[in-house]
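Trainee: No letters, just coordinates:
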C-alpha cells in the first residue's frame with residue numbers, strides 16, 4: 001500500500017526491489033510502537049512522517065519527514081487511520097534491509113499501518129532516482145526488470161550517486 005499526495009491509501013504494484021540479493025548483514029533498527037500497537041522496524045536514517053509535539057490540536061500540516069533515530073516517545077506518526085501517538089521507541093538488531101520502489105510516484109509507503117517514506121535520505125532527491133525505475137517498469141517487460149543486467153545497472157548507479 002502507498003499513500004498519494006492527498007493522503008489517501010491505495011494499492012500500487014512494485015516496480016523494483018533494491019537490496020534484494022545478499023541481504024543478510026546484521027543491521028541496527030529502530031522499533032517504533034504506537035498506541036494502536038502498530039510496530040514499525042526501520043533503519044535509524046529511514047524517514048517517517050512524524051510530529052514532535054503530539055496533542056489534541058495536532059493536525060496533518062504539523063507533520064514532516066523525520067529520521068527514525070530522532071523519533072521519541074510522545075511524538076505522533078501518521079497511520080492509515082489517522083494520527084497515532086508513539087508509545088515506545090527502542091533499538092533492535094536484525095538482518096536485512098528491504099527497499100521497494102512502487103509504480104506510484106509519491107514514494108510514501110504504508111508499513112504495518114504507519115505511513116513512511118521509501119527513503120533513508122532526502123525524500124525528493126531519492127524519489128527522482130526512483131522515477132528512473134518507474135519509467136523502466138512502465139516501458140520494459142517484467143522479466144527484463146528482474147534480470148541480472150538491470151540489477152547490475154542499478155547497483156552501479158546506486159554506488160555512483162550514493163543512494
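Mentor: Okay, I see it. Quantities reported herein were computed from a predicted structural model and do not represent experimental measurements. Residues are numbered from 1 along each chain as shown.

Trainee: burial count for residue 40?
Mentor: Look at residue 40: counted by other CB atoms under 10 Å, it has 23 neighbours. Quick note: C-beta positions are derived from backbone N, CA and C, even for glycine.

Trainee: Do I have it right that it meets residue 32?
Mentor: Yes: counting by CB atoms under 8 Å, residue 40 touches residue 32, with 4.7 Å between them.

Trainee: any common contacting residues for the two?
Mentor: Common neighbours of residue 40 and residue 32, counting by CB atoms under 8 Å, 6 or more residues apart in numbering, are 48, 68, 77, 114.

Trainee: Now render those residues as CSV, adding neighbour count and distance to residue 102.
Mentor: Compiled in CSV, the shared contacts of residue 40 and residue 32 are given as follows (neighbours: other CB atoms under 10 Å; distance: CB to CB, whole Å):
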residue, neighbour count, distance to residue 102
48, 26, 17
68, 22, 20
77, 24, 20
114, 23, 16
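
Trainee: So which of the residues you listed sit within strands?
Mentor: Those of the shared contacts of residue 40 and residue 32 mapping onto strands are 48, 77, 114, per DSSP state E.

Trainee: from these, which is closest to residue 57?
Mentor: Distance to residue 57, by CB to CB, is smallest for residue 77 among these, at 16.7 Å.

Trainee: For residue 37, see how far away that closest one is.
Mentor: Using CB to CB, to the nearest Å, residue 77 is found at 13 Å from residue 37.

Trainee: And for residue 132?
Mentor: Remark: distance between residue 132 and residue 37 (CB to CB) = 37 Å.
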